[in-house]
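# Just to be clear, the model below is a prediction. Sequence and coordinates:
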Amino acid sequence: MKPCLRLLLIALFLSAIATPGLRGAPEPANTPKTRLTFVDPEDFTDISINGASDRASSDIIYSELSRHLVILAKRHLAAGQTLVLTVHDIDLAGVIEPWRGPDYGHVRYIRDTHPPRMVFDYQLLDADGKIVREGSEKLTNLTFRYQITPPLGDQTCYFEKQLLTDWMRERFGRTKSAEKRRRE
């Protein structure tokens with residue numbers, strides 16, 4: 001057997017053995033959950049990311065916001081609750097200026113005149129699926145550049161994630177860790 005083939009087979013064997021151990025434990029059944037839905041993302045005001053098509057950009061934004069909502073749900077919601085968000089519009093912070101040329105046609109320029117905006121309906125469901133709270137929101141933050149410092153490097157939807165973080169904190173109260181510290 002050739003050395004390259006032998007190494008490949010050994011690597012495949014080791015990855016097959018290690019894979020079950022790398023999987024995390026399943027989430028408990030009473031963990032807070034989220035459901036995110038985009039309604040006609042091709043009609044959103046501005047969701048262009050790195051020159052990608054609106055469909056590809058909406059998939060990226062959906063993925064980023066879904067992951068962020070899971071983190072926020074664990075932080076702010078009670079066990080067994082489900083937060084359902086139906087997004088009707090997103091306007092990402094900043095603007096793309098295609099007139100700057102092909103090398104800069106995918107660059108997003110962050111300015112005060114183009115704050116992040118989101119429009120959505122929400123429902124908070126209890127463990128039995130009954131509506132605990134519901135409403136519609138039109139979020140924007142005109143001072144977004146002065147309240148938070150974005151991380152170095154590229155992070156997709158940073159300002160929009162901050163909109164959701166602030167909204168969850170205001171709408172659903174303190175974080176679980178803050179509650180725990182207060183009781184101690």
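Nice, thanks for sending it over. Numbering: from 1, shown residues only.

# Okay, now the unreliable bits of this protein?
1-29, 148-154, 174-184 (pLDDT under 70).

# all helices for it, in order.
3-22, 54-76, 144-147, 158-172, 176-183 (DSSP state H).

# I'd like the distance between the residue most central in space within the chain and residue 173.
By Cα atoms, centre = their mean, the chain has its centre lying nearest to residue 65, at 1.7 Å. In this view, residue 65 and residue 173 are 21 Å apart by Cβ to Cβ, to the nearest Å. Yep, even glycine has a C-beta here, placed from its N, CA and C like the rest.

# Kindly report the same for residue 81.
Distance, residue 81 to residue 173, using Cβ to Cβ: 12 Å.

# again, but for residue 138
From residue 138 across to residue 173, the span is 21 Å (Cβ to Cβ).

# between the two, who's got more neighbours?
Taking other Cβ atoms under 10 Å, residue 138 and residue 173 do not tie; residue 173 has more neighbours (13 against 10).

# which residues touch that one?
residue 76 (Cβ atoms under 8 Å, 6 or more residues apart in numbering).

# Leaving out the residues flanking it, which one is nearest to residue 62?
Among residues not flanking residue 62 along the chain, residue 38 sits closest, at 5.9 Å (Cβ to Cβ, 6 or more residues apart in numbering).

# Contacts only, for that neighbour.
By Cβ under 8 Å, 6+ apart, residue 38 lies in contact with 44, 58, 62, 87.

# try residue 40
Per Cβ under 8 Å, 6+ apart, neighbours of residue 40: residue 88.

# Counting neighbours, what do you get for residue 159?
Neighbours of residue 159 (other Cβ under 10 Å): 20.
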